[in-house]
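Participant: coordinates only, sequence not included:
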Ligand SMILES: Nc1ncnc2c1ncn2[C@@H]1O[C@H](COP(=O)(O)OP(=O)(O)OP(=O)(O)O)[C@@H](O)[C@H]1O
Ligand SMILES: [Mg+2]
């Protein structure tokens, strides 16, 4: 395996416009001729780091610090206003599972639909179909429309598709917290398995336990800026010390 | 990967999205796919009663087909128009109505408006097939023209998709675009010779001035309707002037729509 980093984040900055008055209708824009008023809010403000190939990288920080925003930039959902992201190989993200399911279609049809949204070919989905269904544990209902699923089943199926995409880099945002205890254990195993296969994983978590257990390196983000970056133990102790001093 | 390569690589996603629309829409409704045919049939009935029986709109006899049936003549123009409006109306909201998906997963966004065109096109294909069959029963010789009809269906699809792509971006900025467009499309329909023949406009131009007629012919949909009537109702070669306009409008609309969409899509998620 080469020592080239799997992901390079170089001075990434991204702003949102916080509108106090937004012209989001033609009526407002042309008839009343009001001017839109907004304030720039930098959710990410010059973040740089590298994720070594085959490692697991954790992101921590308080609510609203920009973790999910950073993952969205990594997943190409948001485009940075400044800086760049380079990823080697395919990137898949698990930001919210089951988005893109069609309630009227069966579980089986939705697996194919969601698989292709996540970038899998039909052949790949077919090859992994049994694995996906077994992992989700909803085999009995696989030919039922997903609108008849319980919310837990829905999430499990979505998660099973996403986790079986088999990318080089996997991006995960707090989805480990879904499902019942048995399913959580199953997920933890799956991540360990991916890790053993040498996949690069970037994950956001609020659980220091998960971070300590799974991550080689971590970064602490606050108000869109990097505070500490290094091995997981250092970041955890820094972060926890800061929280303790605040409380 | 370049943008086009990536788009091409996601064609399986496109076919799945089209399937989602086609299957999801009529699944578990009593008549299933039949519903999609009832709508144009009802429209046909209303327009035939109003414009043929009450207003006595006179149509020209198809030459050389010899057809002289108002509902058939009407449908040759109305089906392409209905396809056009459905693609524009649903395509313009394709991003906003899939906001939760667009915000959570990356995939080439153009597949969303394309999927609307695909699923609407699927219904349209069935409608046009049925109409061709009816024309055959009525004695029109539409069979040799089918390949050319398909070509113009593709051109109209390009034209409609281009407009839908541009408006999809526009809708993200201005959410009431769809209200505005449904009014605009209604007016556009009556400015297109769909329920009445172009000869009526010609007559009006004689008394009120040639500019009326010239203005009328700037309408892209007028040329498309003409071509479909030549091919399906008259069973003859379309006017070369109409053909050139159709190709020109289709290419212009699609290219512009593509460029506008590409420029706008990066800022989509921030605004959704
Ligand atoms: N579309 C948006 N428009 C305006 N502001 C936004 C938008 N999305 C996020 N923000 C702001 O950006 C900041 C960072 O949000 P983000 O979701 O990245 O936080 P987070 O670190 O993931 O927090 P959490 O731990 O709660 O998940 C927040 O202040 C949020 O209000
Ligand atoms: Mg978050």
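Facilitator: Cool, the structure landed. Model, not experiment: these values are computed from the prediction. Numbers count the residues shown, from 1 in each chain, chains lettered A, B, ... in the order given. Ligands and ions are numbered 1, 2, ... in the order given.
Participant: give me the three-state assignment for residue B:66.
Facilitator: Taking DSSP: H, G, I helix; E, B strand; the rest coil as the rule, one finds residue B:66 in the coil state.
Participant: and it, backbone torsions?
Facilitator: Dihedral pair for residue B:66: phi 80, psi 10, per degrees, to the nearest 10.
Participant: where does chain B dip in pLDDT?
Facilitator: Within chain B, the segments meeting pLDDT under 70 span B:1, B:26-32.
Participant: my bad, chain A
Facilitator: Low-confidence segments of chain A, defined by pLDDT under 70: A:1-2, A:32-34, A:97-99, A:175-179.
Participant: show me where it has its helices.
Facilitator: Residue ranges of the helices in chain A, as given by DSSP state H, are A:26, A:67-74, A:107-117, A:122-136, A:151-163, A:181-196, A:208-214, A:232-246.
Participant: gap between the two ends of stretch B:135-146?
Facilitator: 12 Å (CA to CA, to the nearest Å).
Participant: list the buried residues for that stretch?
Facilitator: By neighbour count, and taking 16 or more other CB atoms under 10 Å in any protein chain shown as the criterion, the buried residues in stretch B:135-146 are B:135, B:138, B:140, B:142, B:145. The way it works is simple: take the backbone N, C-alpha and C, and place the C-beta from them, glycine included.
Participant: hmm, back to that, what's the closest of the helices of chain A to residue B:214?
Facilitator: Of all these, the one in closest proximity to residue B:214, counting by CB to CB, is helix A:26 (30.0 Å).
Participant: what's in contact with the closest one?
Facilitator: Counting contacts by CB atoms under 8 Å, 6 or more residues apart in numbering or on different chains, the residues outside helix A:26 that touch it are B:174, B:176, B:177, B:180.
Participant: swap the cut-off to 6 Å and go again
Facilitator: Contacts of helix A:26 with the rest of the structure, by CB atoms under 6 Å, 6 or more residues apart in numbering or on different chains, involve B:174, B:176, B:180.
Participant: which non-adjacent residue is nearest the second one?
Facilitator: Think residue B:176. Spatially, and ignoring its direct neighbours in sequence, residue B:176 is nearest to residue A:25 (4.3 Å; CB to CB, 6 or more residues apart in numbering or on different chains).
Participant: next one: that neighbour from ligand 1, what distance?
Facilitator: From residue A:25 over to ligand 1 the distance is 18 Å, taken as CB to the nearest ligand atom, to the nearest Å.
Participant: ok, how many other residues are close to that residue?
Facilitator: A count of neighbours around residue A:25, defined by other CB atoms under 10 Å in any protein chain shown, yields 17.
Participant: so it is in contact with residue B:177, correct?
Facilitator: No - counting by CB atoms under 6 Å, residue A:25 stays clear of residue B:177, with 8.6 Å between them.
Participant: for residue A:190, which non-adjacent residue is spatially closest?
Facilitator: In space, residue A:190 comes closest to residue A:163 once its chain neighbours are excluded; the distance is 5.6 Å by CB to CB, 6+ apart.
Participant: residues from chain B in reach of chain A?
Facilitator: By the rule CB under 6 Å from any CB of the partner chain, the part of chain B lying against chain A is B:12-13, B:16, B:20, B:24, B:27, B:100-101, B:104-107, B:174-176, B:180, B:266, B:269.
Participant: out of those, which are buried?
Facilitator: Burial of the residues of chain B next to chain A was assessed by neighbour count (16+ other CB under 10 Å); the buried members are B:12-13, B:16, B:20, B:24, B:27, B:101, B:104-107, B:174, B:180, B:269.
Participant: and the furthest pair within those?
Facilitator: Pairwise over these, using CB to CB, the maximum falls at B:12 and B:180, 35.0 Å.
Participant: sketch out the helices for the stretch 51-200 of chain B, chain order is fine.
Facilitator: In the stretch 51-200 of chain B, the helices defined using DSSP state H, counting those that start in this stretch lie at B:70-92, B:99-104, B:111-137, B:146-173, B:177-190, B:198-208.
Participant: other SSEs contacting the longest one?
Facilitator: It stands for helix B:146-173. Applying 3 or more CB pairs under 6 Å, 6 or more residues apart in numbering or on different chains; DSSP states H and E, one finds that helix B:146-173 contacts helix B:70-92, helix B:111-137, helix B:240-264.
Participant: okay, the angle between the last one and helix B:111-137?
Facilitator: Put plainly, it is helix B:240-264. Inter-element angle recorded for helix B:240-264 and helix B:111-137: 160 degrees (by axes from the mean of the first three to the mean of the last three CA atoms, to 10 degrees).
Participant: just give the number of residues close to residue B:202.
Facilitator: Applying other CB under 10 Å, I find that residue B:202 has 14 neighbouring residues.
Participant: quick one: it and ligand 1, what's the gap?
Facilitator: Using CB to the nearest ligand atom, residue B:202 is found at 54 Å from ligand 1.
Participant: what is the burial count for the residue nearest to that residue when sequence neighbours are not counted?
Facilitator: Computed as CB to CB, 6+ apart, the closest residue to residue B:202 that is not its neighbour in sequence is residue B:213, at 6.1 Å. Around residue B:213 sit 16 other residues, with neighbours defined as other CB under 10 Å.
Participant: got the buried residues for the host helix or strand of residue B:213?
Facilitator: With elements taken from DSSP states H and E, the one containing residue B:213 is helix B:210-216. Of the residues in helix B:210-216, B:213, B:216 count as buried by neighbour count, 16+ other CB under 10 Å.
Participant: what packs against that helix?
Facilitator: With contacts defined as 3+ CB pairs under 6 Å, 6+ apart, the secondary structure elements packing on helix B:210-216 are helix B:198-208.
Participant: buried sites along the helix it packs on?
Facilitator: Result for helix B:198-208 [16+ other CB under 10 Å]: buried residues B:198, B:201, B:205.
Participant: nearest to chain A, of these?
Facilitator: residue B:201 (30.7 Å; CB to the nearest CB).
Participant: what's the closest non-adjacent residue to residue 124?
Facilitator: The chain I'm using is chain A. Beyond its immediate neighbours in the sequence, the residue positioned closest to residue A:124 (CB to CB, 6+ apart) is residue A:115, lying 7.2 Å away.
Participant: switch to chain B, that's the one I care about
Facilitator: Leaving aside its chain neighbours, residue B:124 sits nearest to residue B:83 (4.2 Å; criterion: CB to CB, 6+ apart).
Participant: how near is residue A:245 to residue A:106?
Facilitator: As for residue A:245, its distance to residue A:106 is 53 Å (criterion: CB to CB, to the nearest Å).
Participant: who has more neighbours, those two?
Facilitator: With neighbours defined as other CB under 10 Å, residue A:245 and residue A:106 compare such that residue A:106 has more, 18 against 7.
Participant: would you agree that one is in contact with residue A:143?
Facilitator: Yes - between residue A:106 and residue A:143 there is a contact at 5.0 Å, judged by CB under 6 Å.
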